[in-house]
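# how would this look folded up:
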Amino acid sequence: QVQLVESGGGLVQAGGSLRLSCIVSGIIFRFNTMGWYRQAPGKQRELVALITTDDNTNYADSVKGRFTISRDNARNTVYLQMDSLKPDDTAVYYCNAGLRGSPADFRSWGQGTQVTVSS
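Residues are numbered from 1 along each chain as shown. So this is what the prediction gives:
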């Protein structure tokens, strides 16, 4: 079973930056598309960014041009560089492995990492 450990969140002012990390175990990391997701209070979990096994990336419109997803197959780690942060980016951020029709289709999640952006 996949295990996911997210880190790197925190409190930052609008316009600031954070870099999230997610260490993955229990699967062959390099064979899996990886994604970052987020859930804001009172809202459903949503996809933020995806990176495929050959490093193709896809982003939610709300983060395009501000966030960058990357992966290090040697470290079984996926990253999310977040720049020009906005208060609307405040959420718990999660990673997960593989592709699903919706975030609700994943069996399990890590503990997530809280990102809070102050105005």
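# show me the contacts for L85.
By CB atoms under 8 Å, 6 or more residues apart in numbering, the contact list for L85 reads V12, A14, G15, G16, S17, L18, R66, V115, V117. Where C-beta positions appear, they are placed from N, C-alpha and C, glycine not excepted.
# so the third one sits in a helix?
In this case it means G15. No - read with DSSP: H, G, I helix; E, B strand; the rest coil, G15 is coil and lies in no helix.
# Just give the number of residues close to the residue nearest to it when sequence neighbours are not counted.
The shortest distance from G15 to any non-neighbouring residue, by CB to CB, 6 or more residues apart in numbering, is to S84 (6.2 Å). By the criterion of other CB atoms under 10 Å, S84 has 13 neighbours.
# Which parts of this protein are strands?
For the chain, the strands defined by DSSP state E occupy 3-7, 10-13, 18-25, 34-39, 46-51, 57-59, 67-72, 77-82, 91-97, 113-118.
# can you redo the ones you listed as JSON lines with mean pLDDT, mean neighbour count and distance to R107?
Shown next, in JSON lines, are the strands of the chain (pLDDT from 0 to 100; neighbours: other CB atoms under 10 Å; distance: least, CB to CB, whole Å):
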{"stretch": "strand 3-7", "mean pLDDT": "97", "mean neighbour count": "17", "distance to R107": "12"}
{"stretch": "strand 10-13", "mean pLDDT": "98", "mean neighbour count": "13", "distance to R107": "28"}
{"stretch": "strand 18-25", "mean pLDDT": "98", "mean neighbour count": "19", "distance to R107": "15"}
{"stretch": "strand 34-39", "mean pLDDT": "98", "mean neighbour count": "23", "distance to R107": "14"}
{"stretch": "strand 46-51", "mean pLDDT": "98", "mean neighbour count": "20", "distance to R107": "17"}
{"stretch": "strand 57-59", "mean pLDDT": "98", "mean neighbour count": "15", "distance to R107": "22"}
{"stretch": "strand 67-72", "mean pLDDT": "98", "mean neighbour count": "18", "distance to R107": "21"}
{"stretch": "strand 77-82", "mean pLDDT": "98", "mean neighbour count": "22", "distance to R107": "18"}
{"stretch": "strand 91-97", "mean pLDDT": "97", "mean neighbour count": "23", "distance to R107": "10"}
{"stretch": "strand 113-118", "mean pLDDT": "98", "mean neighbour count": "17", "distance to R107": "20"}
